[in-house]
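Engineer: My questions concern the predicted model and sequence given below.
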Amino acid sequence: MRFKPPKYLMGLTAFGSCVGGVILFKEAMGGSNYRGPEQLHGKTVIVTGANTGIGKETAREMAKRGARVILACRDMNKCAEARKDIAWDTQNKSVHCMKCDLASQASIREFVQNFTAKEERLDILINNAGVMRCPKSFTEEGIEMQLGTNHMGHFLLTNLLLGKMKDSAPSRIINVSSVAHMRGKINFSDLNSDKNYDEGEAYAQSKLANILFTRELSERLAGSGITCNAVHPGLVLTEIGRHMSIDKSWMASLVLKPLLWLFLKTPRQGAQTTIYAALCSDLDGVSGKYFSNQVEANVAEAALDKEAAQRLWAVSEHWTKLNT
C-alpha cells in the first residue's frame, strides 16, 4: 500500500518551497556578495553612519577582514549597540565608537582632533552617512540639512583627514552617492534652498554634489597615493527612507512594504559595491570613478561639469571655513 502524506504535510511542503523560492528570488535580485581575498590586518577604517543599514554592514565586513574599525556616528547609544553586534559577530575587538555629527562642523572638527591624536594611520575613509527627503531643516551652521550632511559635512571631514591618509598611503576614500544624482542640479542661485525647498530636489542636489566632489578631489589628490571614488548602493530598504510618504500612511505601509521588502536590496546587499570599491585590488590607483553593482557606471552629464565642480569646491571651502 503506497503511503499518502497528510494534507497538512503537503501544505507545509508547498509553503516551504514558496518561502524558499521567495528568498532565492530576493537574493538574485540583490546581486552577488563581494568575495575578493583582501585582508585588512594592521589597517584602520572609518565608516560614517555605521550604527545602522549600509554603514553597519560595511563596517561589519571591514571588521571581518581584520581592520581596526572606527564607527563615526551621531547617536552614541545606537553606535554602542552596533559596535557590540559587530565585535561579537566578527570576533574583532578593534571596533570603536567615536562621536561625529555631520550636521555640526564643531563635532566634525572635534572628531578629527580626537582621531588624529589617538590613531597612527587611516587607510580607508568611507563617507556613508546621509539623510534623504527630510522636512526642511538646517545644520548647526544654517546649511540645508541634506546638502549640509550629505556633502558639506563629508567635505570638511575628508579634507581634515587628508594629512593622516597621505601618511598612510596608499589609501582610499569612498563617497556613497546615489543614482538620484542623475536628476540633480547644483542650483547656485539658491544652493541653500532659502527661496524654495523641495525635499526630492534637495536630495538629488546633495548626491550630485557627492559626485562632483569625488571627481574634483581625485584630481587634486593625483600623485598623493590617495584614490577617491563614488558608489551607488542600489535601492536599499534602510532607515534612510523614514521620511518617505509610505511611512505616513498605514494603508500604504501595509500594502507596499512587503513589495518593497521583496524588490529592494537588504543593507548587506546594498553594502557590496562600497565594499568592492574599498577593497578590490583591481582598483589600485583607480580614482574619480563611479561604481554601481560592483562595476564602473556612467554619471550624469551635470557630474562632468568641471566648472561647477570647482565652483562648488570654493563654496564648500567658504561654508565650512576649511582654511580658517
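Structural biologist: Nice, thanks for sending it over.
Engineer: buried sites along stretch 199-219?
Structural biologist: Within stretch 199-219, the residues scored as buried using 16 or more other Cβ atoms under 10 Å are 199, 201-218. Using the backbone N, CA and C atoms, a C-beta is placed for each residue, glycine as well.
Engineer: what about that stretch, distance to the chain center?
Structural biologist: 13 Å (Cα atoms, centre = their mean, to the nearest Å).
Engineer: Let the chain start at 4 from now.
Structural biologist: Will do, 4 is the new start, and the previous item becomes stretch 202-222.
Engineer: could I get that stretch in PDB with only the CA atoms?
Structural biologist: Taking C-alpha atoms only, stretch 202-222 is exported to PDB below (Å, rounded to 0.1, in the frame of the first residue of the first chain):
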ATOM      1  CA  GLU A 202      12.900  67.600  -0.500                       C
ATOM      2  CA  GLY A 203      13.500  65.400  -3.600                       C
ATOM      3  CA  GLU A 204      15.300  68.100  -5.500                       C
ATOM      4  CA  ALA A 205      17.500  68.900  -2.400                       C
ATOM      5  CA  TYR A 206      18.400  65.300  -2.000                       C
ATOM      6  CA  ALA A 207      19.300  64.900  -5.700                       C
ATOM      7  CA  GLN A 208      21.400  68.100  -5.500                       C
ATOM      8  CA  SER A 209      23.300  66.700  -2.500                       C
ATOM      9  CA  LYS A 210      24.000  63.400  -4.300                       C
ATOM     10  CA  LEU A 211      25.200  65.200  -7.400                       C
ATOM     11  CA  ALA A 212      27.500  67.200  -5.100                       C
ATOM     12  CA  ASN A 213      28.900  63.900  -3.900                       C
ATOM     13  CA  ILE A 214      29.900  63.100  -7.500                       C
ATOM     14  CA  LEU A 215      31.400  66.500  -8.300                       C
ATOM     15  CA  PHE A 216      33.300  66.400  -5.000                       C
ATOM     16  CA  THR A 217      34.700  62.900  -5.800                       C
ATOM     17  CA  ARG A 218      35.900  63.900  -9.300                       C
ATOM     18  CA  GLU A 219      37.400  67.200  -8.100                       C
ATOM     19  CA  LEU A 220      39.100  65.700  -5.100                       C
ATOM     20  CA  SER A 221      40.600  62.900  -7.200                       C
ATOM     21  CA  GLU A 222      42.200  65.400  -9.500                       C
END
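Engineer: Mind checking the pLDDT average for that stretch?
Structural biologist: Stretch 202-222 shows a mean pLDDT of 98.
Engineer: ok, Ala66 - contacts?
Structural biologist: 72, 89-90, 93, 95, 97-98 (Cβ atoms under 8 Å, 6 or more residues apart in numbering).
Engineer: if we can go back for a sec, just the buried residues of stretch 202-222: which are in helices?
Structural biologist: Under the assignment DSSP state H, the buried residues of stretch 202-222 contribute 202, 204-221 to helices.
Engineer: so Glu310, which of the three states?
Structural biologist: Following DSSP: H, G, I helix; E, B strand; the rest coil, the label given to Glu310 is helix.
Engineer: what's the burial count for it?
Structural biologist: 7 (other Cβ atoms under 10 Å).
Engineer: quick one: it and Asn95, what's the gap?
Structural biologist: Plainly put, Glu310 is 45 Å away from Asn95 if you go by Cβ to Cβ, to the nearest Å.
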